[in-house]
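S.K.: sequence plus the predicted model coming up.
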Amino acid sequence: MKITPSKLISLLFFVFSGFYLYYAHQIQVFTFDENAPFNAKTFPIYLGYAGLTFSALYIILPETKPTNVNLRVLDYKKTILLVILMILYGIFILRAGYFLSTSIFLVLSYIVLGERKWLWIFTLSFPFVAVFMYLLHGLLNIYLRDPFLKFIGIMG
Amino acid sequence: MIEGILIGLETALSFKNLMMVMIGCFAGTIIGMLPGLGPMTAIALMIPITYGFEPSTGLILMAGVYYGAVFGGSTSSILINAPGIPGTVATSFDGYPMAQQGKAGKALAIAAYSSFAGGTIAAIFLLIAAPSLSKVSLAFRSPDYFGLMILGLTAVSAFSAKGHFLKAMMMVVLGLMLASVGQDTLSDIPRFTFQNMNLSDGISFVLVVMATFAMSEALTIIFKGNDPSRATQQISLSQLGSIKLDKIETKKMINTIPRSSVLGFVIGVLPGAGSTIASFLAYGMERNFVSDEEKQKFGKGSVNGLAAPETANNAACSGSFVPLLTLGIPGSGTTAVMLGALLGFGIQPGPRLYQTNPEIFWSVIMSMYIGMVILLILNLPLIPYIARVLATPRTFLIPLILFFSVTGIYLMSFNNFDIYMMIGIAVVATILRLYDFPMPPLILAFVLGGLMEENLRRSLLISDGSFNFLWDRPLTAIIMLTIIFIVGWQVYKSFFKRI
């Protein structure tokens, strides 16, 4: 049996389903509900078994239509950098505020993806976010937490 | 019914809702035009904005986005041979050759008129079918609903899997597993929360949709090194030629549109089938209907070949609303997203929606029609300008999609945990997409998870723990037999037919 990436993913899903089933059995139900035809853990237990069944079938049965992906042409560097930028964006959005963190995230993302038109980079970051914030906060009355703008007195 | 239509018209024609249809159609056209970004992404990006509106206004906006995205998908199919959505792949067979012959404007006009006619005819069918089916579906019981949900999930898996049925079924189970996180709705017992307060309310629907569609599609474009704007360099987006049709072309369309509308609507009503299958079937059917001389033109810029799939995919879009509005069970990924949004508004679609919230039921139907009119009179003349969006470099496009996704979640929870979870799900979804694990079944399962558990709970309690409820009632038995047939057919196709 040839181990393809799809089978490997199915194997991971098999393990995941095993864990899911284990934790489904650990769900604490009320004493009077334990022998009921249906309680809080019934459906998850069925799901755990379904996950194990489908993934096991995929691992065991031959692949009639394997998916071939040329791993050498994939752009790992840019993708990983973008993911890291998003995580950093998530970290700083509450601390630095929406305006600053979003604008910096956009500037860095444009640069990571290879953009070097500085006028456009600037226009589609700080002023763009300011207009967007005005639309949300000013016109649609959607609250946006921003300690930085509050500190410099722009937002109340 | 007349009273309902008037209620719907009154709601849909209010200034605010008319503006929403226009904005929705416009935004949907732009997003749908971008290859790789379909109606599901377009609607997902709109959900956080709609939560500030009344339910009918929010739904009208999303319906406008849906139709706009389908129209936008056709535009990129015709102009750059890069279908924005799978439902418009068949459009490119004859639309792109027409554009290459210098008749891009004409091809866009045929697509717009056909979409309008298909959508209009299907909206009339919907007007007739939906109330009648609502009355019939009042006879449905919990076992029937449970069976229908399994049928919907199986059918979507079968149709969206493209030969990877088991992968699709794994995605269904994963979607149901994600839906089971959080407190049990009846007993409030925490499940899979690992004592994390952020998980006690479960995983947000918007988070899952944004992660698996908007964010993961953006990451996939970068990961695979695709550049949607590259193809636009080959054509002039400002000189698309005349949009006027001559008598012969109009006559050809008049013959094609009625049959493709009926086919598209029927296919759209079927769970899982949707606009992709409808457009391909309509293209194939049209080829059999036309003369031998016209048949030779198919694939080289045939008017019939372009009108048929365009009519059918729009008719199928309207058709797909029938199971959503009447049974509360979405038949496609896109309507699943709309169901999730409806539940977010606190509205449970189903047979009683027709009676309890007639203004929503009818205004959605009427706004579909208004959406078609707006697409025709507003978007068609603007196409040479809107089409310039196709030239947006991915270096700007991708960060903006990621920014809208993160903002959408941030606005809903003001919580870093949700952002991290969204990034995590998006990364996993990107890898799964790479190996052809389809996402629509996951979303449909995630949306249906709670309802499915609720109906299984009722069915098992009524039958005292016995699974006889699956075949006790003739209706449930028929549904179960259909499921067995679909699974059997998929197993046969996968392991014996050797496709």
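M.R.: Noted; the coordinates are in hand. On a predicted model such as this, the values are computed, not experimentally measured, just so you know. Residues are numbered from 1 along each chain as shown, chains lettered A, B, ... in the order given.

S.K.: for burial, what's the neighbour tally of A:Lys78?
M.R.: By other CB atoms under 10 Å in any protein chain shown, 18 other residues sit near A:Lys78. Using the backbone N, CA and C atoms, a C-beta is placed for each residue, glycine as well.

S.K.: any idea how far chain B is from it?
M.R.: From A:Lys78 over to chain B the distance is 5 Å, taken as CB to the nearest CB, to the nearest Å.

S.K.: immediately after the helix or strand hosting that residue, which helix or strand?
M.R.: Using DSSP states H and E, A:Lys78 maps to helix A:76-95. The helix or strand immediately downstream of helix A:76-95 is helix A:98-112, counting by DSSP H and E.

S.K.: list the buried residues in stretch A:10-19.
M.R.: For stretch A:10-19, a neighbour-count test (16 or more other CB atoms under 10 Å in any protein chain shown) marks A:10, A:13-14, A:16-17 as buried.

S.K.: ok, now stretch A:20-38?
M.R.: A:20-21, A:24, A:27, A:29, A:38.

S.K.: can you give me the end-to-end span of that stretch?
M.R.: Criterion CA to CA, to the nearest Å; first-to-last residue distance in stretch A:20-38 is 18 Å.

S.K.: for it, give me every contacting residue.
M.R.: Stretch A:20-38 has contacts (CB atoms under 8 Å, 6 or more residues apart in numbering or on different chains) with A:39-41, A:44-45, A:47-49, A:51-52, B:177, B:187, B:189, B:191-192, B:456-457, B:460-461, B:463-465.

S.K.: which stretches of chain A have low pLDDT?
M.R.: A:1, A:140-141, A:156 (pLDDT under 70).

S.K.: scan it for its longest helix.
M.R.: Longest helix in chain A by number of residues (criterion: DSSP state H): helix A:5-26.

S.K.: contact partners for residue 74?
M.R.: Let's take chain A. Counting by CB under 8 Å, 6+ apart, A:Leu74 has contacts B:223-225.

S.K.: wait, chain B was what I had in mind.
M.R.: Contact analysis of B:Ser74 by CB under 8 Å, 6+ apart lists B:84, B:88, B:91, B:95, B:108, B:111, B:115, B:310, B:313.

S.K.: the spatially closest residue to the second one that is not a sequence neighbour in helix, strand or coil?
M.R.: Right, the one you point to is B:Thr88. In this structure, B:Thr88 finds its nearest non-sequential neighbour in B:Gly73, 4.0 Å apart by CB to CB, 6 or more residues apart in numbering or on different chains. At B:Gly73 the chain is in helix, as set by DSSP: H, G, I helix; E, B strand; the rest coil.

S.K.: you'd agree B:Gly73 is up against B:Ile31?
M.R.: No - at 9.6 Å, B:Gly73 does not count as touching B:Ile31 under the criterion of CB atoms under 8 Å.

S.K.: higher neighbour count, the two?
M.R.: Applying other CB under 10 Å to B:Gly73 and B:Ile31 shows that B:Gly73 carries more neighbours, namely 34 against 26.

S.K.: measure A:Ala130 to chain B for me?
M.R.: Distance, A:Ala130 to chain B, using CB to the nearest CB: 14 Å.
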